[in-house]
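Student: turn this into a structure:
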Amino acid sequence: MGLEPPAALYHWRVPSTQRPLIHELRFTHVRSGARIAWARSGRVGAPVLLRTAHWMTHVDYDLRSPLWRPLIEQLGRQFELVRYDERGCGLSAADDVPLGLDASVEEIEAVTQAHGAQTFALLGISGGAAAAVAYAARHPGQVSHLVLLGGSTHGLLHRNPSAETLAFYEAQLRMIELGWGRKDPGVQQMFTSRFMPDGSVEQIASFNEHQRLSCDGLRAAAIVRARAGLDVRPMLRELRVPTLVLHCEGDVTAPLALGHELAASIPGARFEMLRSRNHIPLQPEPAFERLCQVITEFVAHKPSAPQLTPRERELTALVGQGLDNLQIAARLGLADKTVRNMLSALYTKLGVEGRAMAVVKARDMGL
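Tutor: This is a model prediction of the structure:
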């Protein structure tokens, strides 16, 4: 398939017994020239929610997937939902750029530039959580909210794995390389059973096919290998974006403790456990409805701001800019001790504990 121009645009309707879902499919390019496919759906003019690429995406097949279609439809009622395929997956082309955070951030940059939104929320699911964290850390002014589902602070290779764990990991990679593209779903089923132990027959069959369609075995193994080597721990303490961390209680692929660790590493992050054994909650389980509800409430509905005096608003804005006490004192022409006392009273009024949470609150208030 040749390279489509960045402005290439396609509209299509997906057959369904429900109301047809209208989507736009577009293409842009990264610096290497590789094509990146991205799609927008939902409510134009609503807050933009960008789902970073995770393992096994296909912006076309997503719409026929009983795993992803319900999530796209549900979130599309409240947001303009933007999705894309990372290079070498789905409708995006491969290149020789090494997989990793730099490549992932470049893809998000290309999609956001093509879309044109000045600010947006990021939804990082599973392996896409690290890319969302890295982008938010590098572009804090563009990200209004950060939602992380089924993510972790660092991959397997940074967790001091035992020799047996490493051997099993290498065996999995070999199975992916040799068996991924086969019509026989045996290899895919091994992964599906871990991702969705409570999936229906239809959901399991679709996910098996989704794996095969997303990319070939060599690319799939390369993605798994790259995810295992990711480490965003140095970036987490620098995040100044309102963050929601979600994790399924019985997740086998990424145990609950990884979600706790991720939330605890981000200043002011909110954590919520979803009661599901699946890696991603599935319709019709209650955890699916809760997932959509909490994302909508967190991103679309801003908390009411406390009533601040003009001086308090000025002080909050300076905190939100990342200034320390001495810099604030110099800016306002006050003594350092006076600023400390003012900040203490301000933190109480904002309902936060310390500067890191105050920065998040200030930015969430638009200051």
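Student: next, count neighbours for residue 64.
Tutor: 15 (other CB atoms under 10 Å). No exception for glycine: its C-beta is placed from N, CA and C like everyone else's.
Student: what's the spacing between it and residue 55?
Tutor: Distance from residue 64 to residue 55, counting by CB to CB, to the nearest Å: 18 Å.
Student: ditto for residue 44
Tutor: Taken as CB to CB, the span from residue 44 to residue 55 is 29 Å.
Student: same deal with residue 135?
Tutor: Residue 135 is 17 Å from residue 55, by CB to CB.
Student: how long is stretch 280-291 end to end?
Tutor: Start to finish, the residues bounding stretch 280-291 are 9 Å apart (CA to CA, to the nearest Å).
Student: what sits up against that stretch?
Tutor: Contact partners of stretch 280-291, identified using CB atoms under 8 Å, 6 or more residues apart in numbering, comprise 66-67, 70-71, 125-126, 149-150, 195-196, 198-200, 203, 246, 248, 274-276, 278.
Student: just the ones in helices from those residues, please.
Tutor: 70, 71, 195, 203 (DSSP state H).
Student: the third one and residue 207 touch, don't they?
Tutor: Yes: at 6.7 Å, residue 195 and residue 207 qualify as touching, with contact defined as CB atoms under 8 Å.
Student: let me see the contact set for the residue nearest the centre of the chain.
Tutor: The C-alpha lying nearest the average C-alpha coordinate of the chain belongs to residue 124 (CA atoms, centre = their mean; 1.0 Å). Neighbour list for residue 124: 51, 52, 54, 130, 131, 132, 133, 146, 147, 148, 149, 151 [criterion: CB under 8 Å, 6+ apart].
Student: name the nearest of the residues you listed relative to residue 169.
Tutor: The shortest gap between residue 169 and any of the contacts of residue 124 belongs to residue 130, at 17.7 Å (CB to CB).
Student: what helix or strand does that closest one sit in?
Tutor: Secondary structure from DSSP states H and E places residue 130 in helix 128-138.
Student: can I get the CA coordinates of that helix in CSV?
Tutor: Output in CSV follows, covering the C-alpha atoms of helix 128-138 (Å, rounded to 0.1, in the frame of the first residue of the first chain):
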residue,chain,number,x,y,z
GLY,A,128,0.4,2.5,26.3
ALA,A,129,0.5,3.9,29.9
ALA,A,130,4.3,4.5,29.7
ALA,A,131,3.9,6.5,26.5
ALA,A,132,1.2,8.6,28.0
VAL,A,133,3.4,9.3,31.1
ALA,A,134,6.4,10.2,28.9
TYR,A,135,4.3,12.6,26.7
ALA,A,136,2.7,14.3,29.8
ALA,A,137,6.1,14.8,31.4
ARG,A,138,7.6,16.3,28.2
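Student: for that helix, give the mean pLDDT please.
Tutor: Averaging pLDDT along helix 128-138 gives 96.
Student: what's the spacing between it and its chain's center?
Tutor: 7 Å (CA atoms, centre = their mean, to the nearest Å).
Student: ok, now stretch 216-236?
Tutor: 15 Å.
Student: quick one on the thing from earlier: higher neighbour count, residue 44 and residue 55?
Tutor: Using other CB under 10 Å as the criterion, residue 44 and residue 55 rank with residue 55 on top: 20 against 10.
Student: give the contact list for the nearest residue to the more buried one once chain neighbours are set aside.
Tutor: Using CB to CB, 6 or more residues apart in numbering and skipping the chain neighbours, the partner closest in space to residue 55 is residue 127 (4.9 Å). Residue 127 is in contact with 54, 55, 151, 223, 227, 230, counting by CB under 8 Å, 6+ apart.
Student: run the last query once more with 10 Å
Tutor: When contacts are counted by CB atoms under 10 Å, 6 or more residues apart in numbering, residue 127 touches 52-56, 86, 104, 150-152, 155, 223-224, 226-228, 230, 254.
Student: so which bits of stretch 324-343 are buried?
Tutor: 325, 328, 329, 339, 342, 343 (16 or more other CB atoms under 10 Å).
Student: no wait, stretch 167-187
Tutor: 169, 173, 175, 176, 177, 179, 180, 181, 185, 187.
Student: turn the residues you listed into TSV, columns for distance to residue 267.
Tutor: What follows is the buried residues of stretch 167-187, written out as TSV (distance: CB to CB, whole Å):
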residue	distance to residue 267
169	32
173	35
175	40
176	37
177	40
179	43
180	39
181	44
185	44
187	41
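Student: and the two most separated of those residues?
Tutor: It's 169 and 185 that sit farthest apart of those, by CB to CB, at 21.7 Å.
Student: one step back: among the buried residues of stretch 324-343, name the ones in strands.
Tutor: With strands taken from DSSP state E, there is no overlap with the buried residues of stretch 324-343.
Student: okay if I get these as TSV plus distance to residue 354?
Tutor: Shown next, in TSV, are the buried residues of stretch 324-343 (distance: CB to CB, whole Å):
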residue	distance to residue 354
325	13
328	15
329	18
339	15
342	15
343	10
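Student: ok, these vs residue 37, which is closest?
Tutor: residue 328 (46.1 Å).
Student: for the closest one, give its distance to residue 148.
Tutor: Relative to residue 148, and taking CB to CB, residue 328 is found at 31 Å.
Student: and if you look at residue 103?
Tutor: Residue 103 is 19 Å from residue 148, by CB to CB.
Student: and these two? Which one has more around it.
Tutor: More crowded of residue 103 and residue 148, by other CB under 10 Å: residue 148, with 29 against 19.
Student: so what's the residue count around the nearest residue to that one once chain neighbours are set aside?
Tutor: Closest residue to residue 148 apart from its sequence neighbours, by CB to CB, 6+ apart: residue 129 at 4.4 Å. Using other CB under 10 Å, residue 129 has 29 other residues around it.
Student: who are the packing partners of the longest helix belonging to the chain?
Tutor: For the chain, the helix that runs over the most residues, judged by DSSP H, is helix 163-179. Of the remaining helices and strands, those touching helix 163-179 by 3 or more CB pairs under 10 Å, 6 or more residues apart in numbering; DSSP states H and E are helix 186-195, helix 217-228.
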